[in-house]
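Chemist: Show me how the following folds:
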Amino acid sequence: MGLKEQITEDMKAAMRAKDTAKLSAIRLITAAMKQKEVDERIELTDTHVLAIIEKMIKQRKDSITQFEAGGRQDLADIEKAELVILATYMPAGLSEAEIQVEVATAVTASGAAGPQDMGKVMAILKPKLAGRADMTAVSGLVKAALTKA
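Modeler: The predicted model follows:
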């Protein structure tokens, strides 16, 4: 069963259980998926769905920061609840050591000589680590590795 089908089944289960918080979050995911399908006239794969969910997670994290800075803990709590539900659809994250190994491998494979080659390394890493690691943190690790090189 693909991720898209899993999300649909979870939505049906949330409806039966009358779990309004989970149902609301899942409806946001399905709306984003349908929007992408209509806009780009494509059938979504698991990779596309993961990218959508990853973007939604990033948006929630940004919103939480903004709401807490603005003193709106009630809204931050809602965003946190949605974040937990969204995170259940993401694959297991990689440890810091595993990411370091992937970065080192990508630097070697790309033949990168310095910071100017960061794009080459990131092009190799992005498909491998998408959804499994924070790409901002990975970018920092790549930059550090290339600065040493």
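Chemist: Low-confidence ranges, the chain, go.
Modeler: 149 (pLDDT under 70).
Chemist: how about the helices of it, start to end?
Modeler: For the chain, helices defined by DSSP state H occupy the ranges 3-17, 20-40, 46-69, 73-87, 96-110, 118-129, 135-148.
Chemist: Pull up the gap between Thr47 and Val121, please.
Modeler: Thr47 sits 20 Å away from Val121, going by C-beta to C-beta, to the nearest Å. Backbone N, C-alpha and C define where each C-beta goes, glycine included.
Chemist: Equivalent analysis for Lys143, please.
Modeler: Counting by C-beta to C-beta, the gap from Lys143 to Val121 is 9 Å.
Chemist: So for Thr47 and Val121, which residue has more residues nearby?
Modeler: Neighbours per residue (other C-beta atoms under 10 Å) separate Thr47 from Val121, with Val121 holding more: 25 against 12.
Chemist: How about the residue most central in space within the chain: what's its closest non-neighbour residue?
Modeler: By C-alpha atoms, centre = their mean, the mean C-alpha position of the chain lies nearest to Glu54, the distance being 2.2 Å. Leaving aside its chain neighbours, Glu54 sits nearest to Gly131 (5.4 Å; criterion: C-beta to C-beta, 6 or more residues apart in numbering).
Chemist: Tell me if I'm right that that neighbour and Met90 touch.
Modeler: Yes: Gly131 lies in contact with Met90 (C-beta atoms under 8 Å); the separation is 5.4 Å.
Chemist: Please say which of the two ends up with more neighbours.
Modeler: More neighbours surround Gly131 than the other of Gly131 and Met90, with 18 against 14 (other C-beta under 10 Å).
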